[in-house]
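structure, please.
(chains A, B and C)
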Amino acid sequence: MMLLLLYLIAITAEAMTGALSAGRRGMDWFGVVLIACITALGGGSVRDVLLGHYPLTWVKHPEYLVLTSFAALLTIFIAPLMRHLRTLFLVLDALGLVAFTLIGCMTALEMGQGMLVASISGVITGVFGGILRDIFCNDIPLVFRRELYASVSFAAAWFYLGCVYFQVPAEQAMLLTLFGGFLLRLLAIRFHWEMPKFHYNDER
Amino acid sequence: MMLLLLYLIAITAEAMTGALSAGRRGMDWFGVVLIACITALGGGSVRDVLLGHYPLTWVKHPEYLVLTSFAALLTIFIAPLMRHLRTLFLVLDALGLVAFTLIGCMTALEMGQGMLVASISGVITGVFGGILRDIFCNDIPLVFRRELYASVSFAAAWFYLGCVYFQVPAEQAMLLTLFGGFLLRLLAIRFHWEMPKFHYNDER
Amino acid sequence: MMLLLLYLIAITAEAMTGALSAGRRGMDWFGVVLIACITALGGGSVRDVLLGHYPLTWVKHPEYLVLTSFAALLTIFIAPLMRHLRTLFLVLDALGLVAFTLIGCMTALEMGQGMLVASISGVITGVFGGILRDIFCNDIPLVFRRELYASVSFAAAWFYLGCVYFQVPAEQAMLLTLFGGFLLRLLAIRFHWEMPKFHYNDER
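Next up, the predicted model:
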């Protein structure tokens, strides 16, 4: 199934971005592997824990942990190369974001949740891996300070739920969402589209 | 039911304080909404996950998420006003703290938990929203460095459990706890009552 | 049962190290107690939540919370002494690390999980208390920047699972793992054995 393939590519790519963040903090190899696994599988885990959807993906398929750990260790060795792969990773990350979002929506719908919870489930799956990565590396989550990211996930979720609502065939709904979300994210990066920021200062 | 009304007021107020914290970090609108929802509903979610009490409140009532998100967006627009509403928010926050604590105790008791777990459940519901807000904004949780706050939640929890133990009618037990806890918190703010701090330094 | 005794010693020691971290941040007594409980019981809680293993240890045995809270308050009073107890705590912490890891593996195996998930469960139980402590105190987790720590947990987990696989009698498997892991950790401290670090810089 194409979505599974996309998922495997996505967790591999996310794991490698996680490994790089850990490297920026000079963590040891164990930390690198942990941050990589959290970045790749954390979003789905948070979703499953919040929805009470057991067993978690990586508990059911521990081989995914092997894949992400391996990707993390690989990253350590090809780190000098990574600088030149930025664009590739932005593309893979964009694919991953939308794929994760889709999977999150589907999981919630399969559990019989409504549209609203399904969209939240999609966004959580899409963005929480990166949020956890930044919390574990003691950063303020980047997700909210970059070009459209969480918003792409949100838009993709509602676009997909719209397709489901209007009974677009599953196949096409998926492909349309993937393509549309992917395109939106790339355009956002290319033209630096950003959500407006909220700056608040008080006498504190 | 009065408690529900209090609850709605409380999550709205907490959402707005969360939005302000996100604004202090210059997050984008999406981050503001997320931090607001986490601040308002995070305490109850942590409690439910730890006690295995599914579905979570916002999964059962996704409309609460709409309310908190709306409150967050509203905050962005009335931000300049907020400076003059400090006192109002301290009061609403005090009400929220005690209402959350009550709800946390009741939830645990309904699950058949003992007094000790019920009190923990109350405190977690009362203070964890604020703790998560500070972690997501990369601050050291304020909760433990301000006037009596967690301690008010703790005291309210045990006062309520005492009422339950001595079979005070539910209605009165609730009202007494709400009033007592609310008063204690306001007095603590007014007279800067604080828990003693523990300062430790080593050669590190 | 010896493992229970070890467990009680371990959570007490971990609670005290948590209390000291809170003291370094000048938290109030309530924060000290919370950080202590999270440090001592957080690893097991994360494991139980991720595996859907309810009720959590401290929900089933709230008396453990009393023990860790008491240990935290005690720490505040004997703080000046703590400086001279460093070695003792390193030893207790090493014992705790291995005992937690063992318990984590056993819990997963009892749930019918495979070896891979069991080893993860062991490591999570062993190291996550410390990770949560550092996140709540707004530090980058120390675990990944010190002498072998998570790796000791990982090695102990796989050593124990190896014993289980080759049907070494439970008693001996436990004792061998405890002794081996304990020794490995002490040697790592003594000779400053460290995991290689991964340092990555980009133009960011």
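
the helices in chain A, which residues?
Remark: helices of chain A, listed N- to C-terminal, are A:2-24, A:29-51, A:57-60, A:63-82, A:86-110, A:115-136, A:150-165, A:170-190; assignment by DSSP state H.

including mean neighbour count, distance to chain B and mean pLDDT, could those helices go into a markdown table?
For every residue, glycine as well, the C-beta is placed using N, CA and C. Rendered in a markdown table, the data for those read as follows (neighbours: other CB atoms under 10 Å in any protein chain shown; distance: least, CB to the nearest CB, whole Å; pLDDT from 0 to 100):
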| stretch | mean neighbour count | distance to chain B | mean pLDDT |
| --- | --- | --- | --- |
| helix A:2-24 | 21 | 14 | 91 |
| helix A:29-51 | 25 | 6 | 94 |
| helix A:57-60 | 20 | 16 | 96 |
| helix A:63-82 | 17 | 22 | 93 |
| helix A:86-110 | 21 | 9 | 91 |
| helix A:115-136 | 25 | 4 | 92 |
| helix A:150-165 | 22 | 4 | 94 |
| helix A:170-190 | 17 | 12 | 92 |
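
can you redo those as CSV with distance to B:G43?
Listed next are the helices of chain A as CSV, based on distance: least, CB to CB, whole Å:
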stretch, distance to B:G43
helix A:2-24, 28
helix A:29-51, 14
helix A:57-60, 27
helix A:63-82, 31
helix A:86-110, 23
helix A:115-136, 18
helix A:150-165, 22
helix A:170-190, 32
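
which one of these lies nearest to B:P80?
Between B:P80 and the helices of chain A, the tightest spacing by CB to CB is seen for helix A:150-165, at 25.2 Å.

show me which residues of chain A are close to chain C?
A:19-20, A:22-32, A:34, A:45, A:49, A:52, A:54-56, A:59, A:62, A:65-66, A:76, A:79, A:82-83, A:135-138 (CB under 8 Å from any CB of the partner chain).

for A:F191, give me its contacts.
Applying CB atoms under 8 Å, 6 or more residues apart in numbering or on different chains to A:F191 gives no contacts.

from B:W58, how far out is it?
The gap separating A:F191 from B:W58 is 34 Å, by CB to CB, to the nearest Å.

also A:L161?
The value you get for A:L161 to B:W58, if CB to CB is used, is 18 Å.

and A:A170, by the same measure?
As for A:A170, its distance to B:W58 is 27 Å (criterion: CB to CB).

do the same with A:G52
Remark: distance between A:G52 and B:W58 (CB to CB) = 13 Å.

wait, doesn't A:R47 sit right on A:T107?
Yes: the pair A:R47 / A:T107 is scored as a contact, 6.7 Å apart, by CB atoms under 8 Å.

who touches both of the two?
Common contacts of A:R47 and A:T107, defined by CB under 8 Å, 6+ apart, comprise A:H53, A:S121, A:T125.

from those residues, which is closest to C:F70?
Nearest to C:F70 among the shared contacts of A:R47 and A:T107: A:H53, at 37.3 Å, using CB to CB.

how long is stretch A:165-174 end to end?
13 Å (CA to CA, to the nearest Å).

now stretch A:109-123
Across stretch A:109-123, the terminal residues are separated by 14 Å (CA to CA).

which other residues reach it?
The list of residues contacting stretch A:109-123 from outside it, by CB under 8 Å, 6+ apart, reads A:47, A:51, A:53, A:100-105, A:107-108, A:150, A:153-154, A:156-158, A:160-161, A:164-165, B:59, B:62, B:65-66.

quick one: which of the shared contacts of A:R47 and A:T107 is nearest to C:L176?
Proximity of these to C:L176 (CB to CB) peaks at A:H53, which lies at 37.8 Å.
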